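A.B. asks: Mind folding the following:
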Amino acid sequence: MDDEPRSESAAEPDSEDLNAPVAEPLVVLLLTSHAHSPPLQPPAQLKYDLRSIENPPKALRDSHTGVSKRIREHLRSHQDFPDLLDRAETDIRAAVTGTGLDVVNSGEAVLLSVAAFCARGHHRSVAFVEELATRAWPSGWEVRVVHRELQNGRSRQGKERRGKRNGTEAGGFHLVLGDD
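C.D. replies: Take a look at the predicted model:
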């Protein structure tokens, strides 16, 4: 008989532990990189403009995106990039603790949308989001990364345009690709 009450009491804490709110993320941090135009829809709660950060050399940009370790290392070597990362981390933590911007409360988890943009959304903003995602966020935070321009095929459009003279094809027709 002693075994039965112990097994029931042992089962109860296990079921309570499974239903504890800790199982769900306390904060969902959505980090999105994109080009300056068109703007992100819906707009993010925190936005960072990377166009003032020096672009990596053309040879590096032509062969890599901001996901690349080489691009990220290059950008980290310039002090303004890590400074902006530190500022973004501070802003994010302040927003989540309620001293900053309003965050959207979706059920029990808090969603904070953060966007980084640069001219084309392939290098600086992508590297910024990748670096921001690797920061030491508190346990219970879920970090999601989205690279809009890399995911919607715009990175291929730039390569298709290369080799076309002034954006025109034979016959004088203007080549139009995507929303650009």
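
A.B. asks: List the buried residues of the longest helix anywhere in the chain.
C.D. replies: Scanning the chain for the longest helix, with DSSP state H as the assignment, gives helix 80-97. Neighbour-count burial for helix 80-97 flags Phe81, Leu84, Leu85, Ala88, Asp91, Ile92, Arg93, Ala95, Val96 (criterion: 16 or more other CB atoms under 10 Å). Where you see a C-beta, it was placed from the backbone N, CA and C, and this is true even at glycine.

A.B. asks: That one - what's its average pLDDT?
C.D. replies: What helix 80-97 shows for mean pLDDT is 95.

A.B. asks: and what of stretch 116-134?
C.D. replies: Mean pLDDT, stretch 116-134: 97.

A.B. asks: again with stretch 54-72
C.D. replies: Averaged over stretch 54-72, pLDDT sits at 95.

A.B. asks: number of nearby residues for the nearest residue to Leu26 once chain neighbours are set aside?
C.D. replies: Take Leu26 and drop its neighbours on the chain: the residue closest to it by CB to CB, 6 or more residues apart in numbering is Gly140, 3.9 Å away. As a burial measure, Gly140 scores 13 neighbours (other CB atoms under 10 Å).

A.B. asks: circling back: which strands and helices sit next to the longest helix of the chain?
C.D. replies: Secondary-structure packing of helix 80-97 (3 or more CB pairs under 8 Å, 6 or more residues apart in numbering; DSSP states H and E): strand 46-49, strand 109-118, helix 124-133.

A.B. asks: Any chance of TSV for the buried residues of helix 80-97, columns distance to Asn152?
C.D. replies: What follows is those, written out as TSV (distance: CB to CB, whole Å):
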residue	distance to Asn152
Phe81	25
Leu84	25
Leu85	25
Ala88	24
Asp91	27
Ile92	25
Arg93	30
Ala95	27
Val96	29
